[in-house]
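Enquirer: Just to be clear, the model below is a prediction. Sequence and coordinates:
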Amino acid sequence: MSTRILEVRNLVTSFKTDRGIMKAVDGVSFHVEKGEILGLVGESGCGKSVTSQSIMRLYDEKNLVRYEGEVLLEGRNLMKLPEHEMQHICGKEIAIVFQDSLSSLNPVFTCGDQIMEALIIHQGMSKKEAKERAIEMLRLVGIPSPEKRFNQYPHELSGGMRQRVMIACALSCQPKLLIADEPTTALDVTIQAQIMELIVELNRKLQMGVILITHDLAVVAETCNRVAVMYLGQIVEEADVNTIFDNPRHPYTMGLLQSIPRLEGERARRLHVIQGTVPLLNQIPKGCRFRPRCPYAADICQSEMPELRQISDTQFVRCWHVEHIHNGR
Amino acid sequence: MSERLVTNRLATEGHASQGLASEIPVGEMPMNEKPASEKPVSERDVVLQAEHVKKYFPVRGLLGNVVGNVKAVDDVSVTLYRGETYGLVGESGCGKSTLGRTLIKLLDATAGRIVINGIDITKISQREMRTTMRKKVQMIFQDPYTSLNPRMRIGEILTEALVIQNVGKPSERMDMVIDMLDKVGLRIEHYYRFPHELSGGQRQRVGFARAVILNPDIVICDEPVSALDVSVRSQIINLLLDMQEARGLTYLFISHDMSVIRYISHRTGVMYLGHIVEEAITDELFADPRHPYTQVLLSAVPSPDPHIKKNRIILEGDLPSPLNPPPGCVFHTRCPGAMPVCKEAYPPEIQVSPSHKVACHRYA
Amino acid sequence: MELQMEQMNEIKRALQREQRQLMLRKFFRNKLAVIGSSIVLTLVLVAIFADVIAPQDPLDMVVRDRLTPPGSKYLFGADTFGRDVLSRVIHGARVSMLVGTCVGLSSMVFGMLIGLYACYYSFLDNVLMRICDGLSAIPSTLLAIALMAVLGSTATNVIVAMSIVYVPRMARVSRAAAMVVKEQTYIEAMRATGASDSRIIWRHIAPNILSPVIVQASYNFANSIITEAALSFLGVGIPVPQPSWGNILNEGKSVITTGWWLIVFPGAATALAVLGLNILGDGLRDMLDPHTN
C-alpha cells in the first residue's frame, strides 16, 4: 500500500454547458504505483485528458466544472484541499507535460527562465542555485550543450528539443507523479522514439509514477506496465500490458487492437472496422455505452450498464458478456 | 420521418461500410486484376511521370532580393502506374507534401518535367490546367476541419465541384451528389448539413467524395487519416481501398505513418530533405530496407505488441535546414555509416533489384 | 428516384424549419442583437414615416414662439426661428439614416472589393493598400471637409465624401480577414478542383469574411452619422434649411446658454443611433458565427 502514489476513486467531472450538464468523466477509478507507467488509452472524446486535468484540478471550479469522488496523492485527498494548497501541489508533486510544446512554453522567456521559475516558486531556491539545477535538468533530459540552450527561446528549438525542455520543466521539482498527455503526438516517429525512451529511462531512474495518456496503442505496448482503456468517460478495461494485448476481453479493446495496421505479419486485404463513431457527450447511449457499436450487443446491454468486474488478478472488464467472448478474434 | 432524421444529427459512421459492402461485395470481388506494380514493366500503364522535378521557394531579403532558396523538392523522379497506390513516406519537413502539390501543379515546379496522360503540365498555363487537367487529378487533405468551406452545405460543396468542371446538367447534379454521398458511406440527410455538424471521419468522407465525384485518374492523398481516431481511420482506409478497386483510381498516398503506408500502398518511396532516397515494392522495402534512413525510420516505429522489443537506431542531431542542405548525400550528417565519399557527391541511384532503387554510396 | 426526391424535399423542409427556429432562438437569446436592432429599427421607422409622425412641418417658422422651452406645445421646445425641434429631430433622422445606410453599404462594397483583390493578387496589394494608407493618414473629419470643399455641399456629395473616407478602413479589415481565409485548406481544395480566381474570391473567400465586414459596416454606419453631424455643424454638410442633427446642433450652439434643448435633443438622438448601431454590430458578429449554436 505504501508504494501506491496516486489513487483515484470514482472520479466524476461534469461540465455545465448550454446543452445541460455533461459528464466528461463518469466514475473513473484507478491507481498508480511507484515506479510504474500507467497507460490511459482512448479515442478523442473518451475523457482521458479530462481525467488527468481533473487530478490536478486544472479547470475553473467556480462556475464551469464540478468534481466528485476522491483523488488520493499518497493518502491525501486532493479534492478536499483549498485552492492555494492545490497550487503548491501542481508542479511540485504532480507535473504535467502537454502535447503542444510550442504553446505550452511561454515564447517571451528563455527555456532556462521557465525551468528556473518553478524552482524558485516551489523550492525557494536562489537564482544561482536554480540556474545550476536548471542546467542539470537540461542535461538530464539529453539536451546537448545545455548551457547554450539555457539562454535560447522556445522558437529557436526543434519540436523534439522543446518537448525535452517541457519534460525538464516538469521534472525540475522532482514530482512524485508525472502526467504525460500525448507527449509525442505532434512529433515525428524518430523523435517520438527518443522522447518515449527518455520518459521510460527517467521513470526508472527517478522512481516516480507516470500516467501516459495517448491514443497510440503501439506506444503503450512499448512503454507501459499497466493499461486502462477508456470509452466515453469510463474505464472499460484495465489490465497489465501483456494481458491487454494478448488477451483483451472488452469488445472495444479487441476492436481497437484489430483495426491498427501493423508493421509485422501478414497484410490483411481489409482492415477491421469498429462500426460507427464515438457519440457526443450529450448523446451517451443508455445501458452499456459501447452497445451501439458493439458486435456482441444483446438486450441486457441496452437496459443496464455493466460494472467494471475483476476477472483475474490483474484484469478488470466492463462488459456483460466477458464469459462468452473469449478472445473474439 | 424527417423529425427523426433531424434529431439524429450524428449519423453513425458504420453505415458507411455497410452501405459500401452492399455496393461492392469485396469478399467476392473478382481479383483478376493484379495491382499494376506487380505486372511486368512493359504492361504497365503510366498515368503520371515526373522527371527531375525541383521545387525551390525563394527566400527574400529586406530589399526583396533573393538571398537563398528553400530546396523543398530537389531533383525527384517518380512514376505512377494506373490503379496503383504509391506511398510517399517521410518525416515533417522532408518535402513530401510539396512534391504532392507540385505534381498536380498546385505549385509550379521550378524545374523538371511532369507528364500526366501524355501532357506535360509544366508547359501549360494555370488556365489550361484548370479547364483540361484538373478533373483528372484531384486531392484530399489532411485536416478534415479546415478542408471544407464552413459556410457551405455538404450538398453545395459537392455540387460546386460539378459546376466548376461543368459536369452533368444542372438538373442531374443533385442526383449525382446523392449517389456519391451514398458511395462514400454518408446518407441522404447529410446533403443539407454544414461541415461543423459532422464528425471528423464524416468530413473526411465528404472531402474524398469531392475528389472522386469528378471521376479523376489520380488522387493525391495528403495524410488523409493522420487527424482521425484509430477506429475511424480504418473505416476511411477501407473506403479508399474499395473506391480504388471500383474505379481503378491511382493514389499518391502521402503519410508519415509507416504502418499505414505498408498497409495501403503497392510501391513506396522514402523521402528525406527533398530527395527520394529509396523506392521499392512495399513488401520488399519493409522486408529489406537498404537506405540507412529507411532503416532508422523503420526501427523507430513502435509496435503494438509488447513482446516485440525493437533494436532502435537512434538518429543523432536535427534535420538540416532545407535552405542550406548539406553537400553530397543529404543524410551524411546523421548517417550512422557515413563514408568520406558521402560528403562529396550525391549518391547515384542504384537498382538493387528490378523493383528496388536506393540512393546510397554503400551499394555503389 | 421519385421517392428519393420526395425524401430530399422533406428533409430540406424539416431542416429549413429547424434552421429558422435555431436562428430565431439564437437572435432572441442574444440580448445585444435584440436591443441594438430594436433601437435601429425604431430610428429607421421614424425616418421613413417622418411626415406622419412629426407633429409640425419642420420648416414652419412661428416667430413669436422662438426659443420656447420644452412644454406642452412644443415637446422638445422651439428653435431660434420658432421651428418645432421635435419635428426637426424626426426629419433629421431621415438624413442621418439615409447618409448612414448609403455610406455603410458603399464602403462595404468598395472596401470588400479592394480588400479581396488586394489579398488575392499580390501585385495589386501594394498599390491599393498604399493608397488606402495615404487616405487613412489624414484625419477623417479633415479629409471629409476637404472633399466637401472640392465637391460642394449637397446631400449626395456628403455621401460620396464620406464613402471615400470610410472605404480604406473597410478595405483593411476585409483584406486582413481574407488573408486568413485564403490560407485555409478549403481554398486550396477549390484550386485543386479547378475553380477560377474570381469564383474563389467571391464564392469562397467573400462569404467567410462577412462577420468582420458586417461589424465594420455597422461601425462605419454609426461613425458616418457622427461625421455627417460634424460636417453639418461646421456648415459644410447638408445645406441649411433642411434639418439634420448636425444642422440643429450648429444652430443651437449660438444660444447654448439659453436654449439647452437645441443641443440636448439632437445630441441625444445622435448618441442613441450610434449606440444602437454599435450594439447591433456586436450582436451580429456573435450571430453570424456558424459555430455558436
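Expert: Sure thing, it's come through. Numbers count the residues shown, from 1 in each chain, chains lettered A, B, ... in the order given.
Enquirer: where does the chain have low pLDDT?
Expert: Went with chain A since none was named. A:1-2, A:63, A:101, A:326-329 (pLDDT under 70).
Enquirer: my bad, chain C
Expert: C:1-5, C:289-293.
Enquirer: Quick check: residues of it near chain B?
Expert: C:1, C:4, C:7-8, C:10-15, C:18, C:184-186, C:188-196, C:199, C:203-204, C:207-208, C:290-291 (CB under 8 Å from any CB of the partner chain). C-beta coordinates here come from the backbone N, C-alpha and C atoms, glycine included.
Enquirer: Now, of those residues, which are buried?
Expert: C:7-8, C:11, C:14-15, C:184-186, C:188-195, C:199, C:203-204, C:208 (16 or more other CB atoms under 10 Å in any protein chain shown).
Enquirer: Now do the residue in chain A that chain C sits nearest to: how many residues are near it, please.
Expert: Proximity to chain C, evaluated over chain A using CB to the nearest CB, is greatest for A:Asp18 at 8.6 Å. Other residues lying near A:Asp18 total 8 when counted by other CB atoms under 10 Å in any protein chain shown.
Enquirer: separation between C:Glu6 and chain B?
Expert: 10 Å (CB to the nearest CB, to the nearest Å).
Enquirer: Tell me where the stretch 201-329 of chain A has helices.
Expert: A:217-223, A:241-246, A:251-259, A:299-303 (DSSP state H, counting those that start in this stretch).
Enquirer: Give the buried residues for the shortest one.
Expert: Judged by neighbour count using 16+ other CB under 10 Å, the buried positions of helix A:299-303 are A:Cys301.
Enquirer: which residues does the nearest residue to C:Met97 once chain neighbours are set aside contact?
Expert: Take C:Met97 and drop its neighbours on the chain: the residue closest to it by CB to CB, 6 or more residues apart in numbering or on different chains is C:Ala47, 4.1 Å away. By CB atoms under 8 Å, 6 or more residues apart in numbering or on different chains, the contact set of C:Ala47 is C:Ala93, C:Arg94, C:Ser96, C:Met97, C:Leu98.
Enquirer: in what helix or strand does C:Ala47 lie?
Expert: In this structure, C:Ala47 is located in helix C:31-48 according to DSSP states H and E.
Enquirer: And that helix, what's buried?
Expert: Neighbour-count burial for helix C:31-48, counted by 16+ other CB under 10 Å, picks out C:Leu32, C:Ala33, C:Gly36, C:Ser37, C:Ile39, C:Val40, C:Leu43, C:Val44, C:Val46, C:Ala47.
Enquirer: What of stretch C:157-177?
Expert: Residues C:157-175, C:177 are the ones in stretch C:157-177 that count as buried (16+ other CB under 10 Å).
Enquirer: related to what we said a few turns ago, just send the buried residues of helix C:31-48 back as a markdown table, with distance to C:Asn247 too.
Expert: As requested, those are exported to a markdown table (distance: CB to CB, whole Å):
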| residue | distance to C:Asn247 |
| --- | --- |
| C:Leu32 | 31 |
| C:Ala33 | 32 |
| C:Gly36 | 26 |
| C:Ser37 | 28 |
| C:Ile39 | 22 |
| C:Val40 | 22 |
| C:Leu43 | 17 |
| C:Val44 | 20 |
| C:Val46 | 17 |
| C:Ala47 | 15 |
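Enquirer: and which of those is nearest to B:Arg113?
Expert: C:Ala33 (57.6 Å; CB to CB).
Enquirer: Can you tell me, leaving aside adjacent residues, what's nearest to that closest one?
Expert: Nearest one to C:Ala33, counting by CB to CB, 6+ apart, is C:Gly283 at 2.9 Å.
Enquirer: Quickly find the element holding that neighbour.
Expert: helix C:261-288.
Enquirer: Same question for C:Gln21.
Expert: Short version, using DSSP H and E: C:Gln21 is in helix C:2-29.
Enquirer: So which bits of the stretch 201-329 of chain A are right by chain B?
Expert: Residues of the stretch 201-329 of chain A lying near chain B (CB under 8 Å from any CB): A:215-222, A:241-242, A:245, A:255-257, A:259-264, A:267, A:269-280, A:283, A:292-293.
Enquirer: what about the residue nearest to C:Ala33, neighbour count?
Expert: Applying other CB under 10 Å, I find that C:Gly283 has 21 neighbouring residues.
Enquirer: give the contact list for it.
Expert: C:Asn30, C:Lys31, C:Leu32, C:Ala33, C:Val34, C:Ile35, C:Gly36, C:Ser37.
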